[in-house]
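*Asks:* here is the input, now give the coordinates:
(one chain, ligands or ions: 1)
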Amino acid sequence: MNKKSYQNIRALCAKAIFAVLEDGQSLSTALASLNHQVADKDKALIQEISFGVMRVLPELNFYIHHLMKKVLTGKNRVLHYLLLVGLYQILYTRIPEHAAVGETVGAVNDLKKPQLKGVINGVLREFLRQQASLKQKFQQDSKQQISQTLHPSWLLNRLKSAYPEQWQAIVNANNQKPPMWLRVNLNHYSVSEYQQLLEKQQIASESFADIPCAIRLTTAVNVTKLPFFAEGAVTVQDLSAQYAAYLLAPKNGEQILDMCAAPGGKTTHILELAPTANVLAVDVDANRVKRIDENLTRLKQHAQVKVGDGLTPEKWCDGRLFDRILLDAPCSATGVIRRHPDIKWLRRDSDIAQLTELQYAILTRIWPYLKTGGTLVYATCSVLPEENKLQICRFLKENPNAKQQGELRQFLPTELGGDGFFYAVLNKV
Ligand SMILES: C[S@@+](CC[C@H](N)C(=O)[O-])C[C@H]1O[C@@H](n2cnc3c(N)ncnc32)[C@H](O)[C@@H]1O
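*Replies:* Numbering: from 1, shown residues only. Here you go, the predicted model:
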C-alpha cells in the first residue's frame, strides 16, 4: 500500500473508540476494519492507546468534564474521543507531552474538523496546566465509585455480591495489562526446549507447573518474534483457557464435538493432545469460523469445520453421537476484561439474563448428542455465578443422567496468572 494513504493514528484511535462507544462494536472488530490504514510500525501504538483508553475511560472522562463547559456532541462527538486519546498519551505513555499534544491536534484534519483545532489544543494544554490538581480531585472523588474502580456500577454490584471478599482483587486485576501466555505444542518441543529458543531471542519466560505446556512471557511480544510460530510450535492462549483440553481429555480415534469453537484456540489444543481424534468444530459466526481453518492450517491439523447454531444441532449434525463435547459457551466475558476492557462499556446488566438463557438452551440441545458414558466440558470466560455454577446446578437437577465429575472450577483473574474462567465436567450415565 502507498505510504501516503496511511492515516494519522490518533485519528484512527478516535474512530475506533467512536465505533465501540457509539455503535457498540467490539474494539478488536473496530481496529480490524481500520487495519489497512495503519502502517505496520504503528500497529502496537494504536493498540496500546485504544485499549488503554477503554481501560481508564472514567478517569479520562472525569478530566474532560472538568475542563470543558459543554461536552462535544453530535457531528463533533468524534473529537471527544480524540481528546481521550490525547489525555491517555499524556498520562499513560512515554510519548513526550509536546508530541502527544501536537500529534493529537494534527488529527483534526483527518477527522475533517480543522475548524476545531483550537478547541482540542486548548483543552489538552489546559490539562497540562491543571494536571496535578485534577489528578488529586480524581483520587478524592470517592463518591463516584465508578471513577475509583474504572468499572460500571452494575458490574461492580454483581462482583461484590458474588465475591464479597475478592471483588477488589478482581477489579484490580481487570485494570492491569494482561500477561502473555503461550501454549507450547508438545509434539514439536518440550517447554524447556522452547524456553531455550526464546532465550536465544532474548525473550524471558516462566513455565507453570499445573499446565505442562504453558509459558508466560515476562514482556508481551509480537507473534512474529516467536521462534517457529508460523510452523505451529506455539499458540498464544491464556493459562486458564489451556485447562479446557486437559479437562476434556480427548483420545485418538474418538468422536469429539467442539461447540462454539471459533477462532479455534481450543480445537487446536484438542488435536495437539489427540492428533487422530475426529473433531467436528462448530460455530454460528461464519467470519470467525474462517479463523478456525487458518489456525488448523498453521498447526497442520485436520478437523471438520462447520458454521452452525448450537440451538439447532439437528440442522448440522450428521446423526453421529460424540464421545466428548466441549461447550465453550458464549458469555459475558467478565473474566477477560483485562484483555478486552471495552467489555466494561459494551455489556449491559440485562445481557446477563439473556446470555444465561442462551447458554442453558445450547447445553440442553447439545446434551442428547453425547454418548452414554461420554464427557461434556462446559466452559465460560465469565466470573458470574449465574453463567457458571448456577447453570450447572440447574442442569444436574433437571437431567438425572448427568453427573458432575470432580469439582467445579471457577478461576478468577489474577495479576500475573490466568484469566477468569469456569469449568464443569459432566458425565452421561
Ligand atoms: C468464547 S467464544 C469461543 C472461543 C473458542 N472456543 C476458542 O477457544 O477459540 C464463544 C463463541 O460462541 C459462538 N456462538 C455464540 N452463539 C452461538 C450459537 N448459538 N451457536 C454456536 N456458536 C455460538 C461465538 O460466535 C463465539 O465464537
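
*Asks:* count of neighbours near residue 280?
*Replies:* By other C-beta atoms under 10 Å, the residues close to residue 280 number 23. (Each C-beta comes from the backbone N, C-alpha and C, glycine too.)

*Asks:* if the residue in the stretch 51-200 of the chain that the ligand sits nearest to is in a bridge, with which residues?
*Replies:* Going by C-beta to the nearest ligand atom, the ligand is nearest to residue 183 of the stretch 51-200 of the chain, at 11.0 Å. Legend: beta-bridge partners of residue 183 under DSSP bridges are residue 214, residue 235.

*Asks:* okay, it: pLDDT?
*Replies:* For residue 183, the model assigns a pLDDT of 98.

*Asks:* and what of residue 2?
*Replies:* Per-residue confidence at residue 2 stands at 47 (pLDDT).

*Asks:* and residue 353, which helix or strand is it part of?
*Replies:* Element membership of residue 353, judged by DSSP states H and E, is helix 349-366.

*Asks:* returning to that earlier point: can you pull the contacts of the residue of the stretch 51-200 of the chain closest to the ligand?
*Replies:* Counting by C-beta atoms under 8 Å, 6 or more residues apart in numbering, residue 183 makes contact with 213, 214, 215, 234, 235, 236, 237, 242, 269, 272.

*Asks:* check residue 123 too.
*Replies:* Residue 123 neighbours (C-beta under 8 Å, 6+ apart): 64, 67, 68, 83, 86.

*Asks:* what's the local residue count around the first one?
*Replies:* Per other C-beta under 10 Å, the neighbour tally for residue 64 reads 17.

*Asks:* remind me what the helix holding residue 353 packs against, helices and strands.
*Replies:* Helix 349-366 sits against helix 153-162, strand 255-259, strand 322-328, strand 370-380, helix 389-398, with contacts defined as 3 or more C-beta pairs under 8 Å, 6 or more residues apart in numbering; DSSP states H and E.

*Asks:* what angle do that helix and strand 255-259 make?
*Replies:* Counting by axes from the mean of the first three to the mean of the last three C-alpha atoms, to 10 degrees, helix 349-366 lies at 160 degrees to strand 255-259.

*Asks:* can you give me the domain boundaries for this protein?
*Replies:* Using automatic domain parsing, the domain parsing of the chain gives 3-150, 239-428.

*Asks:* do you know the pLDDT at residue 187?
*Replies:* Looking at residue 187, its pLDDT stands at 96.

*Asks:* how about the residues of the stretch 251-400 of the chain near the ligand?
*Replies:* With C-beta under 6 Å from any ligand atom as the criterion, the stretch 251-400 of the chain meets the ligand at residues 260-266, 283-285, 288, 309-311, 328, 330, 362, 381.

*Asks:* mind checking pLDDT for the nearest residue to residue 238 once chain neighbours are set aside?
*Replies:* Nearest non-adjacent residue to residue 238, counting by C-beta to C-beta, 6 or more residues apart in numbering: residue 419, 4.6 Å away. Reading off the confidence values, residue 419 has pLDDT 97.

*Asks:* where's residue 419, which helix or strand?
*Replies:* Counting by DSSP H and E, no helix or strand carries residue 419.

*Asks:* who's in contact with it?
*Replies:* By C-beta under 8 Å, 6+ apart, the residues touching residue 419 are 178, 238, 239, 240, 241, 335, 336, 338, 339, 381, 411, 413.

*Asks:* sorry, back to before: just the buried residues of the contacts of residue 183.
*Replies:* Buried residues within these, counting neighbours by 16 or more other C-beta atoms under 10 Å: 213, 214, 215, 234, 235, 237, 242, 269, 272.
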